[in-house]
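1. Predicted coordinates and the sequence they were generated for:
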Amino acid sequence: MGKYDFDKKIDRSDSWSLKWDVREGELPMWVADMDFETAPEIKEALSKRLSEGAFGYSIVPDEWYNAYISWWKKRHHLDIKKEELIFSTGVIPTISSTVRKLTTNDENVLILTPVYNVFYNCIKNNGARVLESRLIEKDGRFEIDFSDLEKKLSDPQTSLLLFCNPHNPTGRIWTKDELARVGELCEKYGVTVLSDEIHCDIVDPKKEYVPFATASETCSRISITAIAPSKAFNMAGMCSSAVFVKNPFLRHKVWRQLNTDECGEPSFLSITAAVSAFTEGEDWLLEMNEYVYQNKLFAETFIRDNIPGVRLIHSEATYLIWLDCSALTKGRDDLAAFIRANTGLFVSKGEIYGPGGEGHLRINLACPKSTVEDGMKRLKKGIEMYCNSSSK
Ligand SMILES: Cc1ncc(COP(=O)(O)O)c(C=O)c1O
């Protein structure tokens with residue numbers, strides 16, 4: 001029994017939560033937002049700030065820089081200097097701003113699919129084109145197709161690689177060798193790497209993620225890294241993140257565009273949330289990761305023993321699981337909608353993540369075990385009903 005209670009259920013149904021904006025009796029396990037209360041230490045720091053009662057503009061204080069610098073040094077073996085870090089209101093704002101600044105109309109931004117669906121919006125909404133390189137699955141593990149990657153990087157219209165490390169939705173932690181190889185190819189073809197590392201603190205016990213920028217000197221020089229406490233500490237609504245850029249020329253571009261887009265100023269609570277997470281949240285994070293890992297093991301066993309035809313891709317990071325149901329859907333894309341309509345379980349449909357997502361489901365397990373049990377029962381029932389209805 002640990003210090004923190006992850007079994008505790010919190011009622012989020014009346015809190016204007018995006019995740020819980022559902023019909024009575026529905027069970028949302030879709031968006032990457034946890035159902036755990038954040039660390040009590042963070043709650044206390046925020047309450048203290050709120051009790052001040054004056055909610056004016058905030059600076060980005062030294063405490064904020066120091067919190068990131070110490071956390072990344074200690075947990076991820078990455079040396080960051082104060083001047084290499086920029087505040088941003090979110091990882092998606094950072095990606096959108098960077099795409100706009102570093103690409104001209106109709107240039108390609110390369111992504112490795114299946115991947116976080118909002119990447120598509122960030123690219124298209126900013127006048128660039130999406131270029132996809134599909135990951136290859138080998139024995140339940142996703143791998144980069146390096147020859148396809150090189151082909152697409154070598155297109156002179158490709159100027160940016162939007163990378164996800166660890167990868168959402170597959171849960172892959174890329175190895176140092178893979179990252180270094182990606183960096184080498186990007187440098188060869190003059191492509192900048194924007195590495196979204198928002199999920200980096202949610203890893204299975206004994207697993208470690210490797211920051212893109214630490215894989216090689218080249219990786220460090222050609223990359224922009226987006227990081228945040230939001231996923232790991234359940235504070236996505238705080239709009240609090242950072243960008244780390246070693247290369248001063250690239251950094252200036254990112255800083256300029258974030259400020260032009262007015263994404264560089266913190267809200268009243270966003271600084272306190274980040275400082276508290278990175279200075280007081282480590283014990284909570286370790287317990288949370290262990291709890292989520294147990295949820296993953298439970299779901300894996302349940303699915304293997306109870307839901308034939310569905311394959312769980314074992315993830316090493318994130319609190320998301322990625323299920324291959326393509327043997328059952330046989331080209332149809334209505335499974336998630338069917339399950340929601342018939343059982344109330346709301347999960348993400350794989351098709352939104354691009355090529356390779358067809359016939360898959362993404363399920364969020366950052367919730368009390370009793371919720372996972374409920375979700376798994378509904379999943380079993382929904383899939384049985386789906387198979388019966390499609391065999392008629
Ligand atoms: C890979 C990835 N990047 C970015 C985000 C969202 O980032 P933010 O809320 O900081 O804009 C998410 C949220 O699920 C995500 O999974």
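-> Done, it's in.
2. how about the strands in the stretch 251-392 of the chain?
-> Taking DSSP state E, counting those that start in this stretch as the test, the strands found in the stretch 251-392 of the chain are 311-313, 320-324, 345-346, 348-349, 360-364.
3. what about residue 96, distance to the ligand?
-> Computed as Cβ to the nearest ligand atom, to the nearest Å, the residue 96 to the ligand distance reads 9 Å. For the C-beta atoms, the positions are set from N, CA and C on the backbone; glycine is no exception.
4. quick one, what contacts that residue?
-> When contacts are counted by Cβ atoms under 8 Å, 6 or more residues apart in numbering, residue 96 is found next to 122, 125-126, 261.
5. The residue lying closest to residue 39 once chain neighbours are set aside and the ligand, how far apart?
-> Nearest residue to residue 39 in three dimensions, chain neighbours excluded: residue 284, at 3.6 Å (Cβ to Cβ, 6 or more residues apart in numbering). Separation of residue 284 from the ligand (Cβ to the nearest ligand atom) stands at 20 Å.
6. Number of residues surrounding residue 284?
-> Each residue near residue 284 was counted by other Cβ atoms under 10 Å, and the total is 24.
7. swap in the one 10 residues further on?
-> A total of 15 residues lie near residue 294 under the criterion other Cβ under 10 Å.
8. Contact partners for the spatially closest residue to it that is not a sequence neighbour?
-> What sits nearest to residue 294 in space, not counting adjacent residues and going by Cβ to Cβ, 6+ apart, is residue 369, at 7.3 Å. Residues in contact with residue 369, defined by Cβ under 8 Å, 6+ apart, are 7, 291, 294-295, 298.
9. Just the buried ones from these?
-> The neighbour-count test (16 or more other Cβ atoms under 10 Å) applied to these identifies 291, 295 as buried.
10. and which of the contacts of residue 369 is nearest to residue 33?
-> Nearest to residue 33 among the contacts of residue 369: residue 295, at 15.2 Å, using Cβ to Cβ.
11. Of all the strands of the stretch 251-392 of the chain, which one comes closest to the ligand?
-> Between the ligand and the strands of the stretch 251-392 of the chain, the shortest gap by Cβ to the nearest ligand atom is with strand 320-324, which sits at 8.3 Å.
12. What strands line up against that closest one, and which way round?
-> Based on DSSP bridges, the strands next to strand 320-324 in the sheet, each with its direction, are strand 311-313 (antiparallel), strand 360-364 (antiparallel).
13. where among those is the average confidence lowest?
-> Among the strands paired with strand 320-324, strand 311-313 carries the lowest mean pLDDT, a mean of 93.
14. can you give me how far that strand is from the chain middle?
-> The gap between the average C-alpha position of strand 311-313 and the chain average comes to 19 Å, counting by Cα atoms, centre = their mean, to the nearest Å.
15. How about residue 344, nearest residue that isn't a chain neighbour?
-> Using Cβ to Cβ, 6+ apart, the nearest residue to residue 344 is residue 26, at 4.1 Å.
16. ok, that neighbour - how many residues close by?
-> Using other Cβ under 10 Å, residue 26 is surrounded by 15 other residues.
17. Could you pull up phi and psi at it?
-> Here the main-chain torsion angles of residue 26 (degrees, to the nearest 10) amount to phi -80, psi 160.
18. ok, which residues in the stretch 201-350 of the chain are in contact with the ligand?
-> By the rule Cβ under 6 Å from any ligand atom, the part of the stretch 201-350 of the chain lying against the ligand is 228, 230, 236, 241.
19. So what's the residue count around the residue nearest to the last one when sequence neighbours are not counted?
-> Setting aside the residues directly before and after it, residue 241 is nearest to residue 228 in space (Cβ to Cβ, 6+ apart), at 3.5 Å. Residue crowding around residue 228 was assessed by other Cβ under 10 Å; the count is 28.
20. show me what contacts residue 228?
-> Each residue near residue 228 by Cβ under 8 Å, 6+ apart is listed here: 90-91, 198, 240-242, 274.
21. cool, and residue 154?
-> Contacts of residue 154 were listed using Cβ under 8 Å, 6+ apart, and they are residue 189.
22. mind listing the helices for the stretch 1-150 of the chain?
-> Listed in chain order, the helices of the stretch 1-150 of the chain (DSSP state H, counting those that start in this stretch) span 40-51, 62-76, 91-102, 118-124, 146-153.
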